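1. attaching a predicted model along with its sequence, questions to come.
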Amino acid sequence: MKIRNIAAKTAAVLGCSALLALVPAIAGDEAVAGEDLGAEISVGYDTDYIFRGANLGQDLLWSDVNVSTSLSDGLGLNIGAWYANPTDAGDDELDVYAGISTDLGGMSLDVGTTYYYFPGATGSNTLEVGAALGTSVGAFDVSAGLYHDIDTDNTYLELGVGTSVDLTDSVSLDIGATIGNNQDEVISGQADGLTALTITVGAPIGLSDNASLTPYVGINAGLDDNEGGGDEIFSGISLSVGF
């Protein structure tokens with residue numbers, strides 16, 4: 001599953017949906033601009049395309065390419081593109097995103113934008129801006145993100161928590177949960193208010209120093225006026241290779 005938000009794409013601490021392959025973290029204090037240039041390529045399959053509590057289609061095939069670097073001490077840049085093809089319904093989708101991450105001392109801040117392009121749906125393209133804060137509380141990473149779609153004038157708030165436990169030297173157990181609040185009915189007919197509680201359990205498997213395979217399972221439970229859809233169980237698998 002891929003949850004489209006700046007946090008998941010630009011800072012590891014904000015990847016609160018734990019199944020997500022984490023992008024390179026913010027550069028350390030000794031980093032020099034441009035020296036830690038890195039890239040990651042990911043491909044995956046999801047039984048359901050769950051986006052902010054809404055099911056946008058089944059049998060989702062997706063791929064992602066992103067590049068990250070440090071601009072200065074404590075300031076990181078991440079740029080990438082995500083392409084999706086839900087095979088049973090809906091249009092293909094290309095998301096082009098960019099974000100800047102910085103360390104505020106025990107807390108991270110991400111600010112960025114995503115352009116959602118739908119090749120087969122004229123007039124459906126949108127531009128979103130957002131910001132997210134993340135920190136660690138004991139063994140848990142917690143985050144809060146606020147996202148505004150300029151074209152639809154919709155604002156979305158998402159809170160998340162996640163933790164990870166090493167099972168072996170190459171396998172870990174990642175557990176994450178998110179809950180969102182939607183301002184307007186713009187995603188699959190969702191009502192205003194709370195959208196859904198989404199819980200995921202993943203098991204990243206280290207294949208090498210720079211490659212991992214991550215199977216996962218999750219449940220999406222609608223909240224408030226979205227409870228009528230019932231709970232949905234979904235799963236998937238992804239492969240990520242870093243350079």
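-> Arrived safely, thanks for sending.
2. how about low-confidence regions in this structure?
-> 1-35, 89-90, 185-191, 226-230 (pLDDT under 70).
3. any chance you could map the helices in it?
-> Applying DSSP state H to the chain gives helices spanning 6-10.
4. could you point out the longest strand of it?
-> strand 54-72 (DSSP state E).
5. helices or strands up against that one?
-> strand 38-51, strand 75-86 (3 or more CB pairs under 8 Å, 6 or more residues apart in numbering; DSSP states H and E). C-beta here means a position set from N, CA and C on the backbone, and glycine is covered the same way.
6. can you list the strands that that strand pairs with?
-> Sheet partners assigned to strand 54-72 using DSSP bridges are listed as strand 38-51 (antiparallel), strand 75-86 (antiparallel).
7. how far does the first one sit from the chain's center?
-> Just to be clear, that refers to strand 38-51. 9 Å (CA atoms, centre = their mean, to the nearest Å).
8. what's around Leu133, how many residues?
-> For Leu133, the count of nearby residues is 18 (other CB atoms under 10 Å).
9. swap that for Phe243, please
-> Using other CB under 10 Å, Phe243 is surrounded by 9 other residues.
10. that one and Asp209 touch, don't they?
-> No. Judged on CB atoms under 8 Å, Phe243 makes no contact with Asp209 at a distance of 11.2 Å.
11. let's have the strands paired with strand 54-72 in TSV, adding mean neighbour count and distance to Gly105.
-> Below are the strands paired with strand 54-72 laid out as TSV (neighbours: other CB atoms under 10 Å; distance: least, CB to CB, whole Å):
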stretch	mean neighbour count	distance to Gly105
strand 38-51	20	24
strand 75-86	19	14
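12. redo the ones you listed as a markdown table? Include distance to Leu159.
-> Converted to a markdown table, the strands paired with strand 54-72 look like this (distance: least, CB to CB, whole Å):
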| stretch | distance to Leu159 |
| --- | --- |
| strand 38-51 | 16 |
| strand 75-86 | 22 |
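13. so which of those strands is nearest Trp62?
-> Trp62 sits nearest to strand 75-86 of all these, at 4.3 Å, using CB to CB.
14. give me the distance from the closest one to the chain's centre.
-> Worked out by CA atoms, centre = their mean, strand 75-86 lies 10 Å from the chain centre.
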